[in-house]
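K.L.:
Whatever this is, show me its structure:
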Amino acid sequence: MGNAKSQRTRETGQSLIETVLMIPMLVLVLFNALNFGYFFLFLLNLQSAPRVSGEYSVMGGATPAVSALPPATLDTTCTKANPNCSVSDLLYQDLRAFTRATTDGAVQVCSQSNGLSNGGTTSETTVCTNTSTPGSYSWPTPDSDPELNQAGTGRAFALNRVDVAYTFIPLVNGAPFNLLVLGFPVCGGGNVSCCNPSGTCVLHRSSEMRVMN
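P.N.:
Here you go, the predicted structure:
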């Protein structure tokens, strides 16, 4: 009887030791899954916002309520009373669902509403405005439309462009809790301006859409 009780006590003690040793590994797996899930949702939202804003920069004025192209800057906010809100503010509204858009994000809008640079020539581009520059990140220059007009003297369309650069901050800081994020290709390639061991990085996404000259 005494030997059986002693055996159960040893097994219980061994189980407690094994549990204690496994807790750090379980916490590591849990926090990595939490940060990676948040990073994935963040990336999906960041991917779609410039596309929606780029389409709005082209089509925002084609409604019965609004005849002018939407402005690019944050001067005109998106409200129910103002159908012609700015492209930048619309993008911020999309990001604000789960991010600190106005503090960690920056937007560049190259739109026909800003005017054209070298208009009527083969090097024509839309003029850009931006809200800020995140850290040492520099905005890309706008592209010219790839198609020439029939005479070959200028571009057939203007090319609107929307860029967003956003500083991703993981929910749980620390390199061990961001191993999955750091291993994700987008957090180590050409789409980031920095990526440190804590998982913080500046992600960049853009969209381009053509509009009639």
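K.L.:
Would you map the helices across this protein?
P.N.:
Using DSSP state H, the helices found in the chain span residues 2-59, 87-95, 101-104, 179-183.
K.L.:
my guess is T167 contacts V202, does it?
P.N.:
Yes - contact criterion CB atoms under 8 Å: T167 and V202 qualify, at 5.3 Å. For every residue, glycine as well, the C-beta is placed using N, CA and C.
K.L.:
could you point out where the protein is predicted with low confidence?
P.N.:
When residues are selected by pLDDT under 70, those of the chain lie in 1-14, 61-67, 74-84, 97-104, 133-136, 183-199.
K.L.:
excluding its backbone neighbours, what's nearest L46?
P.N.:
R205 (5.1 Å; CB to CB, 6 or more residues apart in numbering).
K.L.:
Quick check: bridge partners of the one you found?
P.N.:
R205 has these beta-bridge partners by DSSP bridges: V164.
K.L.:
how far away is the residue lying closest to Y56 once chain neighbours are set aside from L44?
P.N.:
Nearest-residue entry for Y56: L90, 5.5 Å, with adjacent residues in sequence omitted and distances by CB to CB, 6+ apart. Distance from L90 to L44, counting by CB to CB, to the nearest Å: 18 Å.
K.L.:
So between those two, which is more surrounded?
P.N.:
L90 (22 against 10; other CB atoms under 10 Å).
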